[in-house]
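Q: Give the three-dimensional model of this entry:
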Amino acid sequence: MAEAIVIRQLGGPEVLKLEGVTLPPPGPGEVQIRQEAIGVNFIDVYFRTGLYKSESLPFVPGKEGAGIVTALGDGVREFEIGDRVAYATLDSAYQSERNADASQLVKVPDEIGLDTAAAMMLKGMTAQYLLNQTFPVGPGTVLLFHAAAGGVGLIAGQWAKALGATVIGTAGSPDKIALALAHGYDHVIDYRTEDFVARVRDITHGKGVDVVYDSVGRDTFPGSLNCLKPRGLWVSFGNSSGAVDAFPIGLLAQKGSLFATRPTLFTHVSTRPALEACANSLFDVVRSNKVRININQTYGLADAAQAHADLEARKTSGTTLLIP
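A: Below you'll find the predicted structure:
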């Protein structure tokens, strides 16, 4: 019997319960996967608390994982039993075994371990679209990335530096600052002890940055807007401190004809060609050694509640995995 973390009521980490589940054979267009590793992300917290709405209760949380194909459903031609696969946009990742829509899977290159794949698919493809599609980062770009020592932040810092940008980050402890500086960041601001807006203005000699990548939300708004140069772009892609309250759109005009966007990975990989292009771009930058993937915390599947508690308490850095 497979095991899964099941949420039967919304709430704190304590609602994450390990249960035995019966796994049917894969349906048409599906494959069955024995999962080797499962990524833990803040979006999992949002669904657990109800900030993002699940289609029903109970449900199995999680979006990201990697494993080995063990069975094929009718009509599956692109995969074979034994293939190493990964995903970042499928619900119900917190399981030891699962059935998955084959159209949402990608093959993992031989040079990349399955634990690394599970650690990087959602976070790495998020960094890919942020830096290459939402705003075309390149030589001369000056950017600010909040939560620089987080899973997305550590990937984005390295990737942005490889693209030629000047990379400024924020982090909340000396250890996290040192970690970010070792992963591409030119400057890292301690948001607990420093005014990050004033420091950004100081670093940029009063000019501000071209783009702010903000996964924090309430605690960094409207400060993020104040870090931008005129006609700069604020990219809000998360709410780790809570959602940003509604604000008058005229605020963007007052602060310098600013642009704002609220993108998601799911719209950027909504077609098979887009998914493959995004994943291959990520695989290429990792294989080139321009980006290293940090797995800094691992927990057993049964310890998912502790993983969530540590994530929310900002005790983690880099990537967190659950190991079935």
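Q: What degree of burial does residue 288 show, as a neighbour count?
A: Residue 288 has 9 neighbours, counted by other CB atoms under 10 Å. Just so you know, the C-beta spots here come from the backbone N, C-alpha and C atoms, and that holds for glycine as well.
Q: and it, backbone torsions?
A: Residue 288 has phi and psi values of phi -80, psi -10 when expressed as degrees, to the nearest 10.
Q: Show me what secondary structure element comes after the helix or strand hosting residue 70.
A: Using DSSP states H and E, the element containing residue 70 is strand 64-72. Counting by DSSP H and E, the element after strand 64-72 in chain order, helix or strand, is strand 84-87.
Q: Show me which positions of the following helix or strand past that next one end up buried.
A: Sequence-wise, the next helix or strand downstream of strand 84-87 (DSSP H and E) is strand 97-101. The neighbour-count check on strand 97-101 (16 or more other CB atoms under 10 Å) flags 97, 98, 99, 100, 101 as buried.
Q: Quick one: the helices in the protein, in order.
A: 42-49, 114-129, 151-162, 174-181, 196-203, 223-226, 250-254, 265-268, 272-287, 304-312 (DSSP state H).
Q: Mind putting those helices into a markdown table with mean neighbour count and mean pLDDT?
A: Listed next are the helices of the chain as a markdown table, based on neighbours: other CB atoms under 10 Å; pLDDT from 0 to 100:
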| stretch | mean neighbour count | mean pLDDT |
| --- | --- | --- |
| helix 42-49 | 20 | 94 |
| helix 114-129 | 26 | 97 |
| helix 151-162 | 27 | 96 |
| helix 174-181 | 18 | 95 |
| helix 196-203 | 18 | 98 |
| helix 223-226 | 22 | 98 |
| helix 250-254 | 11 | 97 |
| helix 265-268 | 16 | 96 |
| helix 272-287 | 17 | 97 |
| helix 304-312 | 20 | 97 |
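Q: List just the one of those helices that sits closest to residue 66.
A: In terms of CB to CB, the element of these nearest to residue 66 is helix 114-129, at 3.9 Å.
Q: Report the distance from that closest one to the chain centre.
A: With CA atoms, centre = their mean, to the nearest Å as the basis, helix 114-129 stands 7 Å off its chain's centre.
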